[in-house]
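Undergrad: Give the three-dimensional model of this entry:
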Amino acid sequence: MTSSTDGTTLHLDFDETRTRVVLRTVARYRAELVQLAGRFRTGTQLGPLAVAVDLEDLLAGLVAISSWPDHSGVQWSSELAELVRGNLEDAAAVKSRLGSAEEPSTFAAEDVPFLLGDDWTGELREFQRRDIAKLLSLQHGANFSVPGAGKTRVALAIYAAQKTAGKVKRLLVVCPKSAYESWQFETGECFRTPLRTHILERSLDGWAEVLIINYERLERSLGTLATWLKAAPSMIILDEAHRMKLGARGTYGAACMALGPLARRRLILTGTPAPNGAKDLESLLGFVWPGHGHRTVASAVAGGDLAYASTVLRPLFSRTTKQELGLPPMEPKIRYVDMPPLHGEIYASLVGKLAGATDRDDLSSLGKTALRLLMAAISPALLLEGATRHEPLAYQLPPLEIPKGDSLYSLMQNLPSYEFSPKFAETAAIIAENASMGRKTLVWTTFVRSLLTLQKLLGAYQPAVIYGGTADRYEELQKFRENPDCLVLISNPATLGEGISLHQVCHDAVYVDRDFMAGRFLQSLDRIHRLGLAAGTETRVTVLAVSNTIDEVVAMRLDQKLEFMAKVLDDPSVQQLSDLEEEPSVASGLDTSDAQALLKHLRRG
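TA: All right, here's what the predicted structure looks like:
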């Protein structure tokens, strides 16, 4: 815009991706445009008379536009103007709700069946109808119900009500790959005419009503998704939204924040909303209420008091507790086993070697040491194998470099010939006992090498195996669910820890090992302990730990994390919740307090 005949001196419109806004001016306001761009964190000069700003950044800093010296010359594109008006209305709604002594409610639980339309056929529990009513009373919202509470069905009911009211016509679901099965099942189960659903991979189904994509693919698909969201009134759902808890600071979060304002309605689902304190709530609710609404949320959590923040923000989210699900009780039990003499000698030697080789000021170095010790507690022989290319990124380790002439190398190499891993032995014994009673068992282990070893050891039970390198996860799941001779499913929480329901066929789980990621452990627990579990069902979970090893450090740290989590959302039952780490920056999800506990263990060694 080198000149303007209509008096426009600042024009604002979407760029081609619709996730950024381009600001253009005329020659005589060139200096003013440079100054304006400097007021935005993401301001980028496109040319002498044009700058680009991320949409979320613009919405959060709208007040900067008022500094433009020629107010009457500011012109917004019609679509952008509509979005900005809606955002300001959302901000006012947030401020009103947070400032109200009572939660205003447009709908009651008994209204819900009449709002869903004739095509809805899904059964809803009383607590689900209550959550739906509250979320429909909000323009946007969050469902922080515990894992296994049927959040997928609640979210689809919100969509059905909005569709019936003529407010939306299509739905974008962002979720982990492991949740694909649940969304595909529920979109068929809850509607008389199943919704046309498409998983976005290589090509786009232009006729799809429900588009599903995983967090890993989100960034590279931004342009396609932005266009799809604006082609018809749309709703966007982030399932397991804790994946983007870093907000604009994380890869997933930045992509979600860019897409959010393009949807007519936004909803997030997570049972683990704030594992690291009040700041996590800000990031999640910042997606739901971007711009000025985000600022209002930020002020509520500014003090860092999680209990206070959850109380203040309660009008913005719904929550069903574990107790409300009416599930039979389940209490994981830790079973300690002892290392045989040679195993113990090797473990002690490894602690000494690793203590000297670890950079104690480097979390990444400490994280790798933690993983090696977790492997060594299972069997030190695992450390002589390099990571496979299928192993989850956070767990890729180079081989432990021990000279072949070193006596420790020889001991580690020959250990399986002399002593059987106590964890493998205990796992085999538990499975044999369960199998004798016709009970299927879910076995969790972090490391692919451990997983493949168990597959061979438990061959008599025709195990199904799912990890990053599994070609057809669905086939393995169906084998476990439907084949009466398949009595074991072996997996790792990074691959199968969320989005899958196994409670119909399996009521026993064994954890060969755990790392410091409390949420990854607790999310995986809910694969067999969730809504729909028959009354009186006994769910048995055994966590194996080797005495006098890093397993004791992990158990202590997880207990401490759960105690902290008990403060979130003013709900003691949240002791059963924590976080599934988004893009863990160091191996094993180690944080500073974990590192301190690990260093104590190394010093004792």
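Undergrad: which residues in the stretch 351-500 of the chain form strands?
TA: 440-444, 464-466, 488-491 (DSSP state E, counting those that start in this stretch).
Undergrad: for those strands, which one ends up most surrounded?
TA: With neighbours taken as mean count of other CB atoms under 10 Å, the strands of the stretch 351-500 of the chain reach their highest mean count in strand 488-491, at a mean of 27. All C-beta atoms are positioned from the backbone trio N, CA, C, and that covers glycine.
Undergrad: Partner strands of that strand and their direction?
TA: If you go by DSSP bridges, strand 488-491 pairs up with strand 440-444 (parallel), strand 464-466 (parallel).
Undergrad: right, so of those strands, which gets closest to L454?
TA: Within the strands paired with strand 488-491, the stretch nearest L454 is strand 440-444; the backing value is 6.3 Å (CB to CB).
Undergrad: and L195, which of the three is it?
TA: Classification of L195 using DSSP: H, G, I helix; E, B strand; the rest coil returns coil.
Undergrad: residue contacts, it?
TA: L195 is in contact with L171, T187, G188, E209, V210, counting by CB atoms under 8 Å, 6 or more residues apart in numbering.
Undergrad: For the nearest residue to it once chain neighbours are set aside, report the pLDDT, please.
TA: Nearest residue to L195, sequence neighbours excluded (CB to CB, 6 or more residues apart in numbering): T187, at 4.3 Å. Reported pLDDT at T187 in the predicted model: 95.
Undergrad: if we can go back for a sec, as JSON lines, the strands paired with strand 488-491 with distance to I236 and mean pLDDT would be great.
TA: Output for the strands paired with strand 488-491, formatted as JSON lines (distance: least, CB to CB, whole Å; pLDDT from 0 to 100):
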{"stretch": "strand 440-444", "distance to I236": "32", "mean pLDDT": "97"}
{"stretch": "strand 464-466", "distance to I236": "29", "mean pLDDT": "95"}
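Undergrad: wait, which of these is closest to D280?
TA: strand 440-444 (25.2 Å).
Undergrad: got a list of contacts for that closest one?
TA: In this structure, residues lying in contact with strand 440-444 by CB under 8 Å, 6+ apart are 427, 430-431, 434-435, 454, 458, 463, 480, 486-493, 502, 505-512, 524, 527-528.
Undergrad: what's the answer for stretch 25-44, then?
TA: Contacts made with stretch 25-44 from outside it, assessed by CB under 8 Å, 6+ apart, are listed as 1-4, 8-11, 20, 23, 45, 48-54, 57-58, 61, 64-65, 67-70.
Undergrad: Provide the count of other residues in contact range of A545.
TA: 20 (other CB atoms under 10 Å).
Undergrad: the inter-axis angle of the one helix or strand it maps to versus strand 440-444?
TA: A545 belongs to strand 540-546 when assigned by DSSP states H and E. Regarding strand 540-546 and strand 440-444, their directions subtend 40 degrees when assessed with axes from the mean of the first three to the mean of the last three CA atoms, to 10 degrees.
Undergrad: Could you identify the helix or strand that succeeds strand 540-546?
TA: Scanning forward in sequence from strand 540-546, with DSSP H and E defining helices and strands, the next element found is helix 550-565.
Undergrad: All set now, cheers.
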